[in-house]
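Engineer: Provided below are the primary sequence and the corresponding predicted coordinates.
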Amino acid sequence: MTITTILFDMDSTLNSIDEIEFSQKYFKMLHERFFSKFELQYFYESLTEITKNVMSSRSPRELAVKTFMKAMSKRYKKPQKKLYEDFKDFYATDYNQLEEFVRPAEGAIEAVQTCFDKGYNVVIATTPVFTEAAIMKRLTWSGMGAFTFKLVTHAENMHFSKPLKEYYTEISKKIKKKPFECIMVGNEFLGDVYGPTIAGMKTFYVPIRSENEDLFISPELRRFSKIKPTYRGKLFDVTKIVKNDFQKLD
């Protein structure tokens, strides 16, 4: 078996992000800019609900951004085109204030650089619920701006999302690689281990929580207990095994 392609999750894998602070400021700024006539808690809950619905959508003919804008339009009684333009403007301006909450994860740049040095295809497989502009900015804040990736998933080029296996199948089709040629590196068991495993990919699990808080062994994921990651460790371990060309996989 030959691995040709390495997929990396972005948030809390390639970067160290204060997700609570990031999300709170993101929602607040977006609310104040475009949705202030609605109560903040309602906006937060409805946007969260819409995002979850986008992630679970299985429409092969509708890009995630279309699914999102349709739902937002229905909920907030605004034309989809106007909403799309508003979000584009937000990501070009206010969104820049969120850079303070994102920084490269320890060992991330070395791991990705090693993948390129060894000749592997490298994909950023991040949950595609943000537009390309938003994803690319966060990727740059994560220290990845100098790399040219085979693919970066976002709401404007993907029909499916994590943790669906269809998300990983869509990636493999886009890059013209078989799932068994790919390995997914990420910190979330459901999206970065369960999903790609069902799709036929290998996995490298890089959890950020302590053993007692690890999603891999948490009660809500016990039903997936038969699924194990191919590897488990830190990004430094990813670097080591990439340098070894995944020989232990054979």
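Structural biologist: That came in fine, so what should we check first?
Engineer: centre of the chain versus the helix or strand bottoming out on mean pLDDT in the chain, how much separation?
Structural biologist: The helix or strand of the chain with the lowest confidence, counting by mean pLDDT, DSSP states H and E, is helix 189 at a mean of 89. Computed by C-alpha atoms, centre = their mean, to the nearest Å, the separation of helix 189 from the middle of its chain amounts to 13 Å.
Engineer: what ranges does the protein have for its helices?
Structural biologist: Per DSSP state H, the chain carries helices over the ranges 19-34, 40-56, 64-76, 80-92, 108-117, 132-141, 165-174, 189, 195-199, 235-243.
Engineer: ok, now how distant is the closest residue to Glu181 other than its chain neighbours from Cys115?
Structural biologist: Nearest non-adjacent residue to Glu181, counting by C-beta to C-beta, 6 or more residues apart in numbering: Thr4, 4.5 Å away. The C-beta positions use only the backbone N, C-alpha and C, and glycine is treated the same way. In this view, Thr4 and Cys115 are 11 Å apart by C-beta to C-beta, to the nearest Å.
Engineer: also Lys88?
Structural biologist: From Lys88 to Cys115 the distance is 31 Å (C-beta to C-beta).
Engineer: neighbour count winner among the two?
Structural biologist: It is Cys115, of Lys88 and Cys115, that has more neighbours when counted by other C-beta atoms under 10 Å, with 21 against 14.
Engineer: for the more buried one, give its distance to Lys178.
Structural biologist: Taking C-beta to C-beta, one finds Cys115 at 18 Å from Lys178.
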